[in-house]
Structures are given as structure tokens and as C-alpha cells.
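Enquirer: sequence first, then the predicted structure:
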Amino acid sequence: MRVLFVSAEIFPLAKTGGLADVSAALPQALVQGGMDVRLVLPAYPRALALATEKEIVAELPDATGSEPLRVIAARIPDSGLPVWLVDAPNLYDRPGTPYLDEAGCDWPDNARRFATFSRVAAKIALGEVDRDWHADVVHANDWHTGLLPLLIGQSTKERPPTIFTIHNLAYQGLFPHSVLPVIGLPDGLFTPDGVEYYGRVSFMKAGIRFSQAITTVSPSYAQEILTADYGCGLDGLLNLRRRDITGILNGVDYSIWDPAHDPHLPVSFDVGNMAGKLACKEELQRELGLTTDPAVPLVVWLSRITDQKMADVVARTLHRIFERDVQLAVLGDGEPALEAEFRDAAAHYPGRLAVRIGYREELAHRHLAGADLLLHPSRFEPCGLTPLYAMRYGAVPIVRHVGGMSDTIVDTTEWTAACGCATGFAFAQPNADALLDCLDRALAFYGQRSIWSRIQQRAMSRRFGWAEAAKRYSSLYRKLAPDTAAVIPERPPERLVPAKRMALVHETVGAPPRVKGLAADDPHQHVA
Ligand code: ADP
Ligand code: GLC
């Protein structure tokens, strides 16, 4: 079965959060299960620099932009998975993150950037770029690819079914009505049954509305998004499609996140050899300028600095946190005003508070290895990979029981501690008092060394591998495309397209699309 996996982030080519980790690891697990998976990513500068075996395979004149588009076939370093990079320098060759400029503001042309990305992905899926490869199933991720199910549905050719995975419903890709002609969509789509969302165009809504199946990244979040509290205004539509929604828990790539063989750590460790963890703690304290003290609990907050992660609550609770005998190491980036609050606070707690603002992949590994506890509160949490990574590193997570955190972290009580199933500490209300109560409970257990070791070892031994999730995605693909025979490759696929077969596609990328395929009675659509 040929799967086209389309994402705006793939580690290590582009990453701002967990989406990148999923987009790197899930395709590998699917390939191990016998699928022919190929990826699509915009050709950001870092992606072009890191991808290997690059070769231009198509040029697509762009009617709406000033420069032609190119499609570059390449491979992802390490995994060797094939990836098509959508190369439009006027859209993607920029500093900053995939979505924001260096000042942290959305790129003003994000609608065009990600509409173009989806248009090219649709062409690849339909076999218009590599004439020897078309998709049996298209797997789109988050709002950046929300138009893809719609665009594929408009094709008059044989259309592969699309799966749309919601990693985070709070980021919706909302744009003014006036963007429709810019992204080549007809005004007829600007209806409640189309892409209109409270007077704006929503890419997220398009993905939910026009895909054949919807998944999200944990069973609990799949339930929560059906409610007004967590549905971000899309709960009505999601309820209409509820029989097509599945919650599939993300996994952890233990080839990257494992202290037993992590190249970013000064010393390796594992259950049964915890001396290395102590050395990692001491080394981290030294690296961050904290007082080197093996006894004091070292708490780490490693996160995007956003409302989702209760960054405002953490920043404004620092003085209360430091009423306890703890050290805190902060590593994050996000809202500039909160970044400044964290930076300013560091001066008040020398030797006890270390703040590193920015995105530092290797340092993130060392934070988890050195920490006794990971502080990870969330207002909502679709899955939450960081606490799962932390568990493997023996950094016991303190989380709010919401979304994926409810599905993965077993709160410590006298009973769960006694039966050896506790893996962390959880609280219910999204406020400072609940967070501090939970921290106090954790610190009380930290003081009881033998119970603490059991909690830590249980957390380190829990496994959230990708194989199970890949099996569930595979059976969903097979359900959607039952006639496709699974091909089990004996070795990784060869180059995507040999140079001599380079396809020059002369269609106009920005041309107004046909609006066929949107009718409610179209068998390709399964909107309840
Ligand atoms: P989200 O996707 O909501 O940010 P996840 O916990 O699922 O949350 O994934 C976050 C990913 O980003 C993890 O791989 C985590 O290690 C990483 N991460 C977050 N902030 C930073 C940072 N400042 N530096 C390095 N890695 C970070
Ligand atoms: C999102 C969510 C996070 C999830 C990640 C990967 O960014 O916020 O909870 O783990 O996507 O699916």
C-alpha cells in the first residue's frame, strides 16, 4: 500500500514541537509494517541543507506567484525515508520557524504558503509528479495540510482516500475571506458546510470536513474535542463526523529517546544502572550554573512557552515554587512577554533557577536526563510526548490529567505506589494551587527514597512504542482502501524518480479548481 504522508514538520528537517517527532517516527514504523510510505515537506532552508540525495524531479509553473515551483526528491537523514521537498524560494526560503518570522509573528502569506504546499502534495498523490507513483492513501496532518482532502476531492481522476490527523485543534489556520481567490478556491466554498468559520476561512475545518477519516493523537483527546470546552468552536462539525473519528495514541521513538544510548548525554544510564543519572544531574547543574547538589530535587520545565502549556501560570508561580527546597531548569521558547518574565526571574534565584530561551534539541535531552521531576502542566494536551520521553529518562512527570496525559500517566497515591503502577503525579484543575499541591505531593514521595526509586523505575520501564499505533493506522488505511494489496518491500525503496524520468508538469498550480466532488451525495465524502 502506497501512503503519502504530508506534514509541515519532520524531524530533523524541521521541528517546532511533537508534530515533527510523529512525522519522523510513524512513517518509519509503517514502513516496518510493510507500507510504502513517502513524505512531503516544504523546502525550508534547514530541510534543504540536511536532506540527502537531493534531485529535482519536477517544475511546476506557479500562476499566482513570481517564481516557478520545483519538486525535489530527497531522503531524510538517518532513516533514509524518501521525501519530496516542495521548493518555492519565495514562499519557504526564510529565516524563523515554518510559521513565524524572527520576531515571532505569523508570516502574512501563510495561507498561500500552505495552500501551495497542499496543491503540490495533491499532484504528487494523484501521480502527476512521479508518473510511476501515486498514493493509495493520503495522510494529512494539522491545519497546514487542511486543504489537501478538499483539493484531492476536487480531482476528476481516481482519488485516493484521505486521513486527516488533528495534533492540535487550537491552531486552526484562520484567514480572511479575501484570501480565497489568492489560494485559488471558489467563493462557493465560503459556507458553513464548506470552509467558512465565523466569517473567516479555516484550513483546519477543511481538513475535518473533506477527509474520509479523522484521527487524533490520544483516545481521551478524541472524546474531549467533541465538547464545547475543548472543541475550539469545531465541536459541532466534529460531532457530525464522530463516527469517523479515532483516537490513536502516539508512540515514542526509543532509538532517539533512550538514556541507555543517547549521544547527547555525558554518561548513559538505565534501570539497574542509575549512577549515570546522578552524573547527568551533576553535569546539568554545572552546565546551567545551578548549585551542584545531588540531594536537592531538580525540576525541569521543557516546553513551548504558550497558553496551552500554562506558561503564564508557571511564570507567575515561580516565587511560590521557590518557597520549596527545589531547583528549576526552564528550557523553552514562545510568547515573547513570557520569555522575558522567565529571563527576569532568573536573576532573583541565582543557583536555583536556570532559564534557557530558545529551541535546543540536544540540551532538551540533557534536561530530561538530569531532572528528578518534569513539570508539565497543560490547559489541554492532545498527546504530550515530552512527559513520555521524561519517563524513560527517570524524570518523573507532574502533569494535569487532560487529553493524552489521562491515557498515559498513572498518578501516585498510597495505593498505586504500593502496587508498583504509579508513573507520575497528576492534578485536575488548571490553576496554580492545584499545580503546587501536586508538586508538594511529589516532593513528599521524593523524600522517601525506596518508594521514589520504585516510581522512577516503573516510569522508566513503561513503553509506548510506535508499533501498536502503526498497526492501528495501517488497519484504518486498509479499511479506507480495501482493494489495495499490501506490498512488503524487502529493502527500502529506490530513488523516487531517476533523473531521466523527470516529469515536467505544465499545469498551472494556482489555477481555480473544479468544484466537483463536493456534493453531499458524492460517495467519496462521508460526512455524517
Ligand atoms: P507540543 O507538540 O505540544 O509542543 P510535545 O510534548 O508533544 O508537545 O512535543 C514537544 C517536542 O518538542 C518534544 O520533542 C520536546 O522535547 C521538544 N521541545 C519543546 N520545547 C523545546 C525546546 N525549547 N528546545 C528543544 N526541544 C523542545
Ligand atoms: C501537538 C500537541 C501534543 C502532541 C503533538 C504530537 O503539538 O500539542 O500534545 O503530542 O502534537 O502529536
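Expert: Here it is on my side, so go on. Ligands and ions are numbered 1, 2, ... in the order given.

Enquirer: who's in contact with the residue of the stretch 401-528 of the chain found nearest ligand 1?
Expert: Closest contact between the stretch 401-528 of the chain and ligand 1, by CB to the nearest ligand atom, is at Gly404 (8.1 Å). C-beta: built from backbone N, CA, C; applies to glycine. Contacts for Gly404 (CB atoms under 8 Å, 6 or more residues apart in numbering) come out as 217-218, 220-221, 249-250, 381-384.

Enquirer: mind running it again at 7 Å?
Expert: Neighbour list for Gly404: 217-218, 220-221, 249, 381-384 [criterion: CB atoms under 7 Å, 6 or more residues apart in numbering].

Enquirer: so what touches the helix or strand Thr165 falls within?
Expert: Following DSSP states H and E, one finds Thr165 within strand 162-166. Contact partners of strand 162-166, identified using CB under 7 Å, 6+ apart, comprise 137-142, 148-149, 152, 207-208, 211-216, 476, 480.

Enquirer: before we move on, back to that, filter the contacts of Gly404 down to the ones close to ligand 1.
Expert: The overlap between the contacts of Gly404 and the neighbours of ligand 1 (CB under 6 Å from any ligand atom) comes to 383-384.

Enquirer: pull the most distant pair out of the contacts of Gly404.
Expert: Maximum pairwise distance in the contacts of Gly404, criterion CB to CB, is 12.1 Å, between Leu249 and Glu381.

Enquirer: more neighbours: those two, which one.
Expert: The neighbour comparison of Leu249 against Glu381 (other CB atoms under 10 Å) goes to Glu381, with 29 against 20.

Enquirer: my reading is that the more buried one lies in a strand. Confirm?
Expert: No: assigned with DSSP: H, G, I helix; E, B strand; the rest coil, Glu381 falls outside any strand and is coil.

Enquirer: once you drop chain neighbours, what's closest to it?
Expert: Spatial nearest neighbour of Glu381, excluding adjacent residues (CB to CB, 6 or more residues apart in numbering): Gly403 at 3.9 Å.

Enquirer: ditto for Leu39
Expert: Counting by CB to CB, 6+ apart, Leu39 lies nearest to Val83, which is 4.3 Å off, once chain neighbours are set aside.

Enquirer: which residues does that neighbour bridge with?
Expert: Counting by DSSP bridges, Val83 is bridged to Leu39, Ala74.

Enquirer: just list the residues touching it, thanks.
Expert: 10, 39-41, 51, 74-76.

Enquirer: rerun at 8 Å
Expert: Applying CB under 8 Å, 6+ apart, the residues near Val83 are 10, 13, 38-41, 51, 73-76.

Enquirer: just put these in TSV and tack on neighbour count, pLDDT and distance to ligand 2.
Expert: Output for these, formatted as TSV (neighbours: other CB atoms under 10 Å; pLDDT from 0 to 100; distance: CB to the nearest ligand atom, whole Å):
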residue	neighbour count	pLDDT	distance to ligand 2
Ile10	28	98	12
Leu13	25	98	16
Arg38	24	98	20
Leu39	25	98	16
Val40	27	98	18
Leu41	27	98	16
Ala51	21	98	22
Ala73	24	98	26
Ala74	25	98	23
Arg75	18	98	23
Ile76	23	98	18
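
Enquirer: same list, these, but as JSON lines with distance to ligand 1 please.
Expert: Formatted as JSON lines, the contacts of Val83 follow (distance: CB to the nearest ligand atom, whole Å):
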{"residue": "Ile10", "distance to ligand 1": "13"}
{"residue": "Leu13", "distance to ligand 1": "14"}
{"residue": "Arg38", "distance to ligand 1": "23"}
{"residue": "Leu39", "distance to ligand 1": "18"}
{"residue": "Val40", "distance to ligand 1": "20"}
{"residue": "Leu41", "distance to ligand 1": "17"}
{"residue": "Ala51", "distance to ligand 1": "20"}
{"residue": "Ala73", "distance to ligand 1": "27"}
{"residue": "Ala74", "distance to ligand 1": "23"}
{"residue": "Arg75", "distance to ligand 1": "22"}
{"residue": "Ile76", "distance to ligand 1": "16"}
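
Enquirer: which among those gets closest to Ile409?
Expert: Among these, and counting by CB to CB, the member closest to Ile409 is Ile10, at 27.0 Å.

Enquirer: just the element for the residue lying closest to the closest one once chain neighbours are set aside, please.
Expert: Nearest non-adjacent residue to Ile10, counting by CB to CB, 6+ apart: Ser23, 4.3 Å away. Using DSSP H and E, Ser23 sits in helix 18-32.
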